[in-house]
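> missing the sequence, but the structure's below:
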């Protein structure tokens, strides 16, 4: 297996960034710094990344988390804020989040130690639809919905067409479900602001065929075999 793929499958980073780590001299094979990008990892090789020895024959594991408000989608935070890995306190494997949800966004987050599958789920070329339940300020007009469905400018970038379903527009604010296939930073918030309906509350409720369902906020569960087969088949 190529070195960059081996590193990615251990959940350290993507293949491309793994190559950068190699070029920076942060990868050792059997105690020696390795700078050959195409190196093929052999059985018995001991691979270290930034001083951390990568385990061999790691059991791949997959979890769904319902992220609460205030949690950071990261493995650590220099400001001392709570991070999502703390929610899986009794999980012994080293898992990491697939993609990101900002501090003020709740809902579905996948955690795994399978770097390749993580990459496939998060990469925009696979166009995995992500659906959010969004409470926005004011009335969302049909004209504004058409703009979202066509694509809006969020600061020098035109978004791909979104799918919008109005759930409730009988009060002073509007509850919608919006599905996007991209993952730009704070994209849904920027899209809603661009059409004049800023976000009040934002929760991700599905990623592709994976549904949050009745999973309680702050809780997690293992993915079913069918769900794992689905994400591996992307």
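Good, I have the coordinates. A quick note: this is a predicted structure, and the numbers were derived from the prediction, not measured.

> wait, what's in contact with the nearest residue to residue 210 once chain neighbours are set aside?
Leaving aside its chain neighbours, residue 210 sits nearest to residue 227 (5.9 Å; criterion: C-beta to C-beta, 6 or more residues apart in numbering). C-beta coordinates here come from the backbone N, C-alpha and C atoms, glycine included. By C-beta atoms under 8 Å, 6 or more residues apart in numbering, residue 227 lies in contact with 62, 64, 209-210.

> What helices and strands are in contact with the helix or strand bottoming out on mean pLDDT in the chain?
Here the helix or strand of the chain ranked lowest by mean pLDDT, DSSP states H and E is helix 115-122, holding a mean of 77. Applying 3 or more C-beta pairs under 8 Å, 6 or more residues apart in numbering; DSSP states H and E, we find helix 115-122 packed against helix 3-9, strand 105-112, helix 225-232.

> which residues touch stretch 83-95?
11, 58-59, 61, 63, 65, 67-68, 71-77, 96-97, 109, 111-113, 218-220.

> please redo it, this time with the cut-off set to 10 Å
10-12, 52, 55, 58-63, 65-68, 71-77, 96-97, 100-101, 109-114, 118, 217-220, 222 (C-beta atoms under 10 Å, 6 or more residues apart in numbering).

> Just the ones of those in helices?
residue 118 (DSSP state H).

> Could you report the distance from the residue nearest to the spatial centre of the chain to residue 134?
Residue closest to the average C-alpha location in the chain (C-alpha atoms, centre = their mean): residue 99, at 1.7 Å. Distance, residue 99 to residue 134, by C-beta to C-beta, to the nearest Å: 17 Å.

> Please apply the same query to residue 52.
39 Å.

> which one of the two has more residues nearby?
residue 134 (26 against 12; other C-beta atoms under 10 Å).

> Please name the bridge partners of the more buried one.
residue 176, residue 202 (DSSP bridges).

> Which stretches in this protein count as strands?
27-29, 32-33, 47-49, 52-53, 62-67, 96-97, 105-112, 130-136, 163-168, 174-180, 199-207, 210-211, 220-222 (DSSP state E).

> Run through the neighbouring helices and strands of the fifth one.
I take that to be strand 62-67. Judged by 3 or more C-beta pairs under 10 Å, 6 or more residues apart in numbering; DSSP states H and E, the packing partners of strand 62-67 are strand 96-97, strand 105-112, strand 199-207, strand 210-211, strand 220-222, helix 225-232.

> Centre of the chain to the last one, how far?
Read that as helix 225-232. Distance, stretch centre to chain centre, for helix 225-232: 16 Å (C-alpha atoms, centre = their mean, to the nearest Å).
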